[in-house]
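Participant: Build me a structure from this.
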Amino acid sequence: MTEIAKLMAMNDELDEIDRRIIGYLQVDGRAPFSTIADVLALPDRTVSRRGQELLAQGAIQVTGLIERSALARKEAMIVRITCAPGMNIIVATAMANLDESIFVYLTTGGNECLAEIFGSTAVITNIMLNVIPGIPGVVNSTTYGCLKYYRTAAQWNPGILSDAERAKIIVDRVPRPIQEIELLADDQLILETLSKNGRATFDQIARACGLTEPTARRKTAQLLDSGALSIHAVVDPAIIGFKVECWLWIKCAPADVSRIAEELILDHRIRYLATISGDYQILSEVTTANRKDLNIYLEELGNKISGINALDSYILIEAFKRSGRKVSSIDK
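Facilitator: Have a look, this model is predicted:
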């Protein structure tokens with residue numbers, strides 16, 4: 001059974017309480033279960049038990065991520081790799097093993113592996129010129145520079161919670177423009193710790209980073225308050241009912257790029273959207289309950305949004321990495 005099949009089976013086992021807990025953790029991954037229970041008006045012990053089970057089963061992983069636009073002198077690239085027949089898994093696994101990869105997917109099309117990588121210019125250049133060509137099974141690759149993010153997986157709102165419930169979660173948060181920062185050594189250690197476990201306590205962060213607990217608390221708060229660090233639940237969309245993921249490669253006139261992007265993200269099913277350099281101007285991921293719904297979405301897209309000159313769509317087959325976290329691949 002593939003991982004996607006397992007997740008679809010898990011989806012059938014999740015009830016409304018499980019989904020609501022997941023929905024909360026997508027907004028605030030570090031929230032205590034007691035707070036989640038209070039906001040969602042659910043029994044405290046039930047939320048704690050269910051939440052721990054979801055984490056233990058791997059249904060969700062809570063991770064800390066630095067916003068791409070926050071780091072000075074670092075850049076993001078989309079890499080589209082054509083694999084030799086039978087070598088898809090080897091290529092995807094190698095890409096997922098890179099510290100710099102954010103997501104790695106196998107998609108329909110010509111034996112394609114799609115990845116996003118993020119790092120310093122020198123590191124990204126080395127990956128493109130030396131690392132990827134050296135991976136067994138790579139036939140060729142095309143790279144696209146990420147120009148602007150309109151939505152990432154960390155910002156996706158799948159609509160599990162009501163607007164009123166989400167408002168209760170974020171009521172004390174003041175939206176701030178993301179500040180460009182330079183990561184100090186302690187900041188990097190904190191990020192590495194939270195990337196492995198976004199729900200790590202301040203004591204655990206302090207011990208892992210060789211800091212005092214007050215220092216760990218202060219530095220973590222500074223990263224969160226700057227908008228540079230976000231902590232959220234990494235969730236396979238299939239678990240919460242979005243069993244089909246499809247990547248959309250869109251061509252349009254330069255003057256239409258911003259308008260089309262803004263119109264696309266009005267739909268909550270859009271999980272990711274970035275403008276890119278190259279022969280396509282927009283890369284987006286749409287999630288739907290099934291292929292019938294995907295077909296309807298694609299049929300209606302041209303009627304709803306003007307200016308799309310060409311659109312290529314590729315369905316996700318298997319995920320190897322999401323939001324910087326490796327996920328299970330096909331059973332060996």
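Participant: Count residues in the vicinity of S48, would you?
Facilitator: 16 (other Cβ atoms under 10 Å). All C-beta spots, glycine's among them, are computed from the backbone N, C-alpha and C.
Participant: what helix or strand is it on?
Facilitator: Assigned by DSSP states H and E, S48 belongs to helix 44-57.
Participant: packing partners for the helix or strand just after that helix?
Facilitator: Using DSSP H and E, the helix or strand that follows helix 44-57 towards the C-terminus is strand 60-66. When contacts are defined as 3 or more Cβ pairs under 8 Å, 6 or more residues apart in numbering; DSSP states H and E, strand 60-66 sits against helix 16-27, helix 44-57, helix 185-196, strand 229-235.
Participant: Would you check how far apart D15 and A41 are?
Facilitator: To A41, D15 is 16 Å away according to Cβ to Cβ, to the nearest Å.
Participant: hmm, back to that, of all the helices and strands packed on strand 60-66, which lies closest to G109?
Facilitator: strand 229-235 (24.8 Å; Cβ to Cβ).
Participant: Just the buried positions in the following helix or strand past that closest one, please.
Facilitator: Tracing the chain past strand 229-235, the next element assigned as helix or strand by DSSP H and E is strand 244-252. Buried residues in strand 244-252, defined by neighbour count with 16 or more other Cβ atoms under 10 Å: 244-250, 252.
Participant: Just give the closest residue to the residue positioned nearest the centre of the chain, not the sequence neighbours.
Facilitator: For the chain, the residue sitting closest to the mean C-alpha position, by Cα atoms, centre = their mean, is A153 at 3.3 Å. Among residues not flanking A153 along the chain, S323 sits closest, at 5.3 Å (Cβ to Cβ, 6 or more residues apart in numbering).
Participant: is it true that the one you found touches E116?
Facilitator: No: the pair S323 / E116 is not scored as a contact, 10.1 Å apart, by Cβ atoms under 8 Å.
Participant: Strands along the stretch 201-332 of the chain, start to end?
Facilitator: 229-235, 244-252, 270-276, 282-288, 308-322, 325-326 (DSSP state E, counting those that start in this stretch).
Participant: what about R259, how many residues close to it?
Facilitator: The burial count for R259: 13, using other Cβ under 10 Å.
Participant: Kindly report the same for the one 3 residues further on.
Facilitator: By the measure other Cβ under 10 Å, the count of residues near E262 is 12.
Participant: need the contact list for whatever residue is furthest in space from the centre of the chain.
Facilitator: In the chain, the greatest distance from the average C-alpha position (Cα atoms, centre = their mean) is reached by T212, at 31.1 Å. Neighbour list for T212: A206 [criterion: Cβ atoms under 8 Å, 6 or more residues apart in numbering].
Participant: circling back to that earlier point, distance of the residue nearest to A153 from S195?
Facilitator: Distance from S323 to S195, by Cβ to Cβ: 9 Å.
Participant: ditto for Y314
Facilitator: Using Cβ to Cβ, we find Y314 at a distance of 28 Å from S195.
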